[in-house]
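A predicted structure for the sequence below; I have some questions about it.
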Amino acid sequence: MEVKGKKVLVFGLGISGIGAGKILERQGAEVVLYDGNKQLMEEKVRQQSGADSNAKIIIGEFPEEILAELDMTVLSPGVPTDLPVIEKMRKQGITVIGEVELAYQFGKGDVLAITGTNGKTTTTTLLGEIMKNYQDDVFVVGNIGTPYTTAVEDMTENSITVAEMSSFQLESIVEFRPRVSAILNFTPDHLNRHHTMEAYVNAKKNIAKNQTEEDYCILNYEDKLTREFGNEVKARVLYFSSQRKLEEGIYLEEGNIIYNYEGVKETICHVDELQILGTHNHENVMAACAMAAVYGVPVGVIRESVKAFGGVEHRIEYVTEKNGVTYYNDSKGTNPDAAIKGIQAMKRPTVLIGGGYDKGSEYTEWIESFDGKVKKLILLGDTREKIAADAEKCGFTDYMFVDSFEEAVLTAAKIAKEGEAVLLSPACASWDMFPSYEVRGEKFKEIVNSL
């Protein structure tokens, strides 16, 4: 991609947008940095961009007269691709790409990329650990918290980039082509942004759209949509399954994770040797192992990495035990399907804290998964009435409303008795109360530890 001398707009000035601006300036582009958030301080953006930056900064209302000057626009992941001004850019022939595409164009080495509704962060983190134990030059980037754009400058031809890709990032790719891709599952999420399940699924499927017969795509055999997608993919497909033995692929057999592909059959480990709990995590481990194995990582390296892996913060994370009550932080359960996994991992009567920002989800399946485990559901946030209505439909009436996050945690602590658990697994995003699920999880741990 040639951007030298071109006028390029970076739309959205989070960390990834600032990183995109730096890449473009290094490549000789004339850069305009834009964000619609009027609270953003130009001085702060200038500071983040670096002392040598000559980028023009625009904050607040979008100046449409600038469209006549633009050659390209780079969208940050939080910017909807169907905004009227973005549609207008396309009609005027302005190239519109996402920050992932920009990073891919100027990055070096091989990319291993993971998407899916749930399990991305665990799978990406584990694969990153495996690859770091295989070689030194490894970057773990994307939706996991480190923007792809910020790592590009340090990459070499020998680099391996392990990337967690969200639907928001994948809907604006053009040539992005991972050497190995994986789609873990599809369940409804972000429908407030994508509007339909079909649009959401199609955005995820983009991860494999540029792959060829030289590449690999790892898919979940137990998810109907990912299994069927295997027939559309040009790359070599390898399935994983937690429910059945596959003729070829990676699967569970008598509790052992078996890798069996192209004449190689190896036992990775027994699930009892893992430090992370639940069938969903067995699937995440299988996906990461398969990606590493097809890339050529020796099974011994994979085995030791998997056994040493302690899991991901904010995902069914054990916090502490107080007065015989165990506390678990599953703040990363930001949609009903993810939160179902949190419930399934509980082995004792549970006081559950749920609710938050509304992403257009339905909550009946989540309520039905309680299966007698949930002693009391404490609801807060934008979705509390919506969840309560779904609970009533399911015949679950052991819920109550609270007005603040602190009240929710303190109330849960009062209700839970010795031998029971308190679980924060909201089934909703955090954005009505917190800037991220990480901040929500940290607040939960802070309150719990101060009890």
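Structure received.

any idea how far the residue lying closest to residue 103 once chain neighbours are set aside is from residue 224?
Distance criterion CB to CB, 6 or more residues apart in numbering; nearest residue to residue 103, sequence neighbours excluded, is residue 148 at 3.8 Å. All C-beta atoms are positioned from the backbone trio N, CA, C, and that covers glycine. Computed as CB to CB, to the nearest Å, the residue 148 to residue 224 distance reads 30 Å.

just want to know which of the two has more residues nearby.
residue 148 (31 against 10; other CB atoms under 10 Å).

list the contacts for the more buried one?
Taking CB atoms under 8 Å, 6 or more residues apart in numbering, we find residue 148 in contact with 16, 19, 99, 100, 103, 104, 107, 141, 142, 161, 163.

ok, now with 10 Å
16, 19-20, 23, 77, 98-104, 107, 111, 113, 139, 141-142, 161, 163-165, 169, 176 (CB atoms under 10 Å, 6 or more residues apart in numbering).

tell me where the stretch 251-400 of the chain has helices.
With DSSP state H, counting those that start in this stretch as the definition, the stretch 251-400 of the chain shows helices at residue ranges 279-295, 299-308, 336-345, 364-368, 384-393.

reformat these as CSV; add mean pLDDT.
Output for those, formatted as CSV (pLDDT from 0 to 100):
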stretch, mean pLDDT
helix 279-295, 95
helix 299-308, 96
helix 336-345, 89
helix 364-368, 95
helix 384-393, 97
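
contacts only, for residue 378.
Residue 378 neighbours (CB under 10 Å, 6+ apart): 351-355, 384, 399-402, 407-409, 411-412, 415, 422, 424.

from residue 425, how far off is it?
From residue 378 over to residue 425 (counting by CB to CB), the distance is 11 Å.

re earlier: pull out the buried residues from the contacts of residue 378.
Taking 16 or more other CB atoms under 10 Å as the criterion, what is buried in those is 351-355, 384, 399, 402, 408-409, 411-412, 422, 424.

what score does residue 227 have for pLDDT?
On pLDDT, residue 227 comes in at 94.

not counting residues beside it along the chain, what's closest to it?
Looking at residue 227 with CB to CB, 6+ apart, the closest residue is residue 221, at 5.4 Å.

so who does the one you found touch?
With contact taken as CB under 10 Å, 6+ apart, residue 221 is in contact with 227, 230, 238-244, 246, 249-251, 283.

next: residue 417.
Residues near residue 417 by CB under 10 Å, 6+ apart: 323, 324, 325, 349, 351, 375.

looking at the residues you listed, which are in strands?
The members of those that map onto strands under DSSP state E are 325, 351, 375.

count of residues packed around the last one?
Think residue 375. Neighbour tally, residue 375, other CB under 10 Å: 19.

wasn't residue 200 part of a helix?
Yes - under DSSP: H, G, I helix; E, B strand; the rest coil, residue 200 sits within a helix.

on that earlier part again, just the buried subset of the contacts of residue 148, written out for PyMOL, thanks.
Selecting only the buried entries of those in PyMOL, with 16+ other CB under 10 Å as the criterion:
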select buried, resi 16+19+20+23+77+98+99+100+101+102+103+104+107+111+113+139+141+142+161+163+164+165+169+176
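
so of the contacts of residue 148, which ones are in helices?
Among the contacts of residue 148, the residues falling in helices (DSSP state H) are 16, 19, 20, 23, 99, 100, 101, 102, 103, 104, 169.

thinking again about what came up before, between the ones in strands among the contacts of residue 417, which is nearest residue 69?
Among those, residue 351 lies closest to residue 69 (CB to CB), at 57.4 Å.

which residues does the closest one contact?
With contacts defined as CB under 10 Å, 6+ apart, residue 351 is in contact with 325, 327, 374-378, 398, 408, 411-417, 420-423.

what about the closest residue in space to residue 77 that isn't next to it in sequence, neighbour count?
The shortest distance from residue 77 to any non-neighbouring residue, by CB to CB, 6+ apart, is to residue 168 (4.2 Å). Residues lying near residue 168 (other CB under 10 Å) number 21.

okay, residue 168: pLDDT?
84.

relative to residue 203, how far out is it?
Counting by CB to CB, the gap from residue 168 to residue 203 is 8 Å.

cool, and residue 445?
Residue 445 is 33 Å from residue 203, by CB to CB.

equivalent analysis for residue 269, please.
34 Å.

who has more neighbours, the two?
Between residue 269 and residue 203, counted using other CB under 10 Å, residue 203 has the larger neighbour count: 23 against 17.

quick one: that one and residue 391, what's the gap?
Applying CB to CB, the value for residue 203 to residue 391 is 31 Å.

likewise for residue 398?
For residue 398, the distance to residue 391 equals 8 Å [CB to CB].

can you check residue 405 too?
According to CB to CB, residue 405 stands 20 Å off from residue 391.

and residue 290, what does it touch?
Counting by CB under 10 Å, 6+ apart, residue 290 has contacts 127, 180, 182, 216, 218-219, 238-240, 249-250, 257, 259, 261, 268, 302.
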